[in-house]
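**Student:** Predicted model follows, preceded by the sequence.
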Amino acid sequence: MSLTTREDVRLKVYQRCGGRCECVRSHCQHPRVVGGSRCTRTFSYDGKWELHRLTAGSEYTVSGCEALCVECHKQTQSYGG
Ligand SMILES: [Zn+2]
Ligand SMILES: [Zn+2]
């Protein structure tokens, strides 16, 4: 077990995403640039975004999580998890 806390993971994931939603789901209704797939919504670290685990119920790790804006997070299967 590492001593990495969920807040550490949240910070690292935020640094990776650069303040931009990482959602690339094709079925998602998020805004995207022409020809692109990634959501164009942005947020501040203290703003409205969610640390979303790629596998529901798994541990919070940097590689196992993505930064999603609130609207994209609502469209994931494990919303609330
Ligand atoms: Zn989004
Ligand atoms: Zn999305």
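**Tutor:** On my side now, so go ahead. Ligands and ions are numbered 1, 2, ... in the order given.

**Student:** where does the protein dip in pLDDT?
**Tutor:** By pLDDT under 70, the weakly predicted segments of the chain are 1-3, 78-81.

**Student:** residues near V62, how many?
**Tutor:** Burial measure for V62: 16 neighbouring residues, criterion other CB atoms under 10 Å. For glycine as for every other residue, the C-beta is placed from the backbone atoms N, C-alpha and C.

**Student:** Beyond the longest helix seen in the chain, next helix or strand please.
**Tutor:** In the chain, assigned by DSSP state H, the helix with the most residues is helix 6-17. Counting by DSSP states H and E, the element after helix 6-17 in chain order, helix or strand, is strand 49-53.

**Student:** Look up how far ligand 1 lies from the spatially most central residue of the chain.
**Tutor:** Per CA atoms, centre = their mean, the C-alpha nearest to the average position across the chain is that of A67, at 1.8 Å. The spacing between A67 and ligand 1, counted by CB to the ion, to the nearest Å, is 9 Å.

**Student:** C69 now?
**Tutor:** According to CB to the ion, C69 stands 4 Å off from ligand 1.

**Student:** For that residue, give the beta-bridge partners.
**Tutor:** W49 (DSSP bridges).

**Student:** what's around it, how many residues?
**Tutor:** Burial of C69 is recorded as 22 neighbouring residues (other CB under 10 Å).

**Student:** for V33, same thing?
**Tutor:** In terms of burial, V33 registers 9 neighbours under the definition other CB under 10 Å.

**Student:** Please apply the same query to C17.
**Tutor:** The tally of other residues near C17 (other CB under 10 Å) stands at 17.

**Student:** Please apply the same query to the one 4 residues further on.
**Tutor:** The burial count assigned to C21 is 25, neighbours taken as other CB under 10 Å.

**Student:** do you know how far it is from R10?
**Tutor:** 14 Å (CB to CB, to the nearest Å).

**Student:** same question, D46
**Tutor:** Per CB to CB, D46 is found 11 Å from R10.

**Student:** Which one's more surrounded, these two?
**Tutor:** Counted by other CB under 10 Å, D46 and R10 do not tie: R10 has more neighbours, with 18 against 7.
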